[in-house]
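> Turn this into a model:
(one chain, ligands or ions: 1)
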Amino acid sequence: MPASPDLQHWYGHDVAPGQSVNTELVVTESYSSRDVVIPIQVRRGAKPGPTMFVSAALHGDELNGTGAIRSMLADPDWTLTAGTLLMIPVMNVLGFERHSRYLPDRRDLNRCFPGTAGGSMASRLAKVIFDSLLQRCDYGVDLHTAAVRRTNFPNVRADLNHPDCLRMAEAFGAGIILHGKGPKGSLRREATKAGCPTIIIEGGEVWKVESSVADCMTRGVYNVLKELDMMDGEPDIPDTQATIRETKWVRAERGGFIAMHVAPGDSIVKGQAIATNSNLLAEDQNRLEAPFSGIIIGMTTLPAVQPGEPVVHIGRLSSPKSARRHTKQVAGDEIQRTAHEHLATNIQVVEASEPEDES
Ligand SMILES: [Zn+2]
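Residues are numbered from 1 along each chain as shown. Prediction:
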């Protein structure tokens, strides 16, 4: 009997409209000569439509997205109505096995795309993922966290000059959108360049599933699916979202301990006290101030610093007025409000003392 023209073939499995199939993409071989595979659920809607992937743990220690995708996999209360969705809870399986951002050859997989067939181990791995997965998709959402010893307030990063990336970034509804193409060799930059517009989300820290961050991620993925008419319903998006085109890391001026005066997701105005840096006996204080009005996108979770080490990552807003508007926006959106409250408990935030009288 001839195969049904409606069947799609994914990694050795036929997938019919309306069907979900758990499959695996073989990406390399292990030291013990076993296949190394990426587990993937391929889910198809009853109606035709685009193909999208949602992936996590491309850095093997960044697990908030893994938690978000796993909750989507376990949730019976949503239906993919059209198109094909590839759900990939862990992309960098070799890093994940070692609780590591990196591959066993110490390379960063997210700097190796599109990869080469005759290249390094990382480059070959990237090439298989690029050819067998990314090239077959029309859209992509890639979920990340901050790097080790840092945390991020959930934010979308996308090339806003690309109409499809802009559309997905706005539909995701994280509340904060950072413009940029991403580093050379990163999955999102190279996938977008190859015709699969891809956005990333950065939220929370490594080695955890933080429920408030995972909730923001799942809402965002459902929102994008709705925007692309792959799921019924209207995206649930905050009334206004901040678009950031410039960011800056405020760095420690002195070695010692940092007392934070702001939390992830806070809006700040120019000159506001961000942190006080002092020696272990709380002497010799040096206050770090906001260089411009903006949003605390990320910060260190490790309070011990040396001069030049990053303390907070600020996304620039045009004015104190837009900072105040953003504070209101976060308070009015339950998902962001919860993430804001929750992430503030991960670090000690203390009030800044009054500046010394200079007269
Ligand atoms: Zn990452």
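> need the residues of the stretch 101-250 of the chain near the ion, please.
Contact residues, the stretch 101-250 of the chain versus the ion (Cβ under 5 Å from the ion): residue 144. Quick note: C-beta positions are derived from backbone N, CA and C, even for glycine.
> My assumption is that residue 53 lies in a strand; please confirm.
Yes: under DSSP: H, G, I helix; E, B strand; the rest coil, residue 53 sits within a strand.
> Does the nearest residue to it once chain neighbours are set aside belong to a helix, a strand or coil?
Spatial nearest neighbour of residue 53, excluding adjacent residues (Cβ to Cβ, 6 or more residues apart in numbering): residue 86 at 4.2 Å. Secondary structure for residue 86, judged by three-state DSSP, is strand.
> Name whatever forms a beta bridge with residue 86.
When assigned by DSSP bridges, residue 86 has beta-bridge partners residue 42, residue 53.
> Touching, it and residue 40? I think so.
Yes: here residue 86 reaches residue 40: they are 5.6 Å apart, a contact under Cβ atoms under 8 Å.
> where do the contact lists of those two overlap?
Residues touching both residue 86 and residue 40 (Cβ atoms under 8 Å, 6 or more residues apart in numbering): 10, 133.
> Could you pull up the residues touching residue 262?
Applying Cβ under 8 Å, 6+ apart, the residues near residue 262 are 268, 272, 274-275, 296, 299, 312, 349.
> cool, and residue 254?
Applying Cβ under 8 Å, 6+ apart, the residues contacting residue 254 are 277-279, 284, 286, 307.
> same thing with residue 343?
Residue 343 makes contact with 151, 153, 204, 210, 212-213, 263-265, according to Cβ under 8 Å, 6+ apart.
> Going through the contacts of residue 254, which ones are buried?
Neighbour counting over these (16 or more other Cβ atoms under 10 Å) leaves 277-278 as the buried ones.
> Please identify which of the contacts of residue 254 is nearest to the ion.
Nearest to the ion among those is residue 307, at 26.5 Å by Cβ to the ion.
> Closest to residue 258 out of the contacts of residue 262?
residue 275 (5.0 Å; Cβ to Cβ).
> Report pLDDT for that closest one.
Predicted confidence (pLDDT) for residue 275: 96.
> Show me what the host helix or strand of it is in contact with.
Element membership for residue 275 (DSSP states H and E) is strand 273-278. The contact list for strand 273-278, computed with Cβ under 8 Å, 6+ apart, reads 250, 252-254, 256-262, 268, 284-290, 296, 305, 311-312, 352-353, 355.
> Just the buried residues from these, in ChimeraX please.
Entered in ChimeraX, the line below selects the buried ones among the contacts of strand 273-278, by 16+ other Cβ under 10 Å:
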select :250,252,254,256,257,258,259,260,261,262,268,287,288,290,296,305,311,312,352
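> Tell me how far residue 227 lies from the ion.
24 Å (Cβ to the ion, to the nearest Å).
> Tell me how far the nearest residue to residue 289 once chain neighbours are set aside lies from residue 81.
Closest residue to residue 289 apart from its sequence neighbours, by Cβ to Cβ, 6+ apart: residue 271 at 5.4 Å. In this structure, residue 271 and residue 81 are 50 Å apart, going by Cβ to Cβ, to the nearest Å.
> do residue 345 as well
Distance from residue 345 to residue 81, counting by Cβ to Cβ: 38 Å.
> just to revisit the earlier point, from the contacts of residue 254, which shows the smallest pLDDT?
For the contacts of residue 254, the weakest pLDDT value sits at residue 284, with 80.
> Look up phi and psi at residue 142.
Taking degrees, to the nearest 10, you get phi -120, psi 120 for the backbone angles of residue 142.
> Dig out what it forms beta bridges with.
residue 55, residue 200.
> number of nearby residues for it?
Close neighbours of residue 142, defined as other Cβ atoms under 10 Å, add up to 26.
> Pick out whichever of residue 271 and residue 81 has more residues nearby.
residue 81 (17 against 12).
> does the more buried one really touch residue 231, like I thought?
Yes: the criterion here is Cβ under 8 Å, and residue 81 meets it with residue 231 at 5.9 Å.
> after the helix or strand of the chain with the lowest mean pLDDT, next one along is what?
Least confident helix or strand of the chain, by mean pLDDT, DSSP states H and E, is helix 320-331 with a mean of 92. Using DSSP H and E, the helix or strand that follows helix 320-331 towards the C-terminus is helix 334-344.
> That next one - what's its average pLDDT?
pLDDT averaged over helix 334-344 gives 96.
> which of the residues in it are buried?
In helix 334-344, counting by 16+ other Cβ under 10 Å, buried: 335-336, 339-340, 342-344.
> Same question for stretch 12-21.
Neighbour counts over stretch 12-21 (16+ other Cβ under 10 Å) mark 15, 17, 21 as buried.
> which element is the closest residue to residue 68 other than its chain neighbours on?
In space, and not counting its chain neighbours, residue 68 is closest to residue 217: 3.7 Å by Cβ to Cβ, 6+ apart. Secondary structure from DSSP H and E places residue 217 in helix 211-227.
> Please apply the same query to residue 307.
Using DSSP H and E, residue 307 falls outside every helix and strand.
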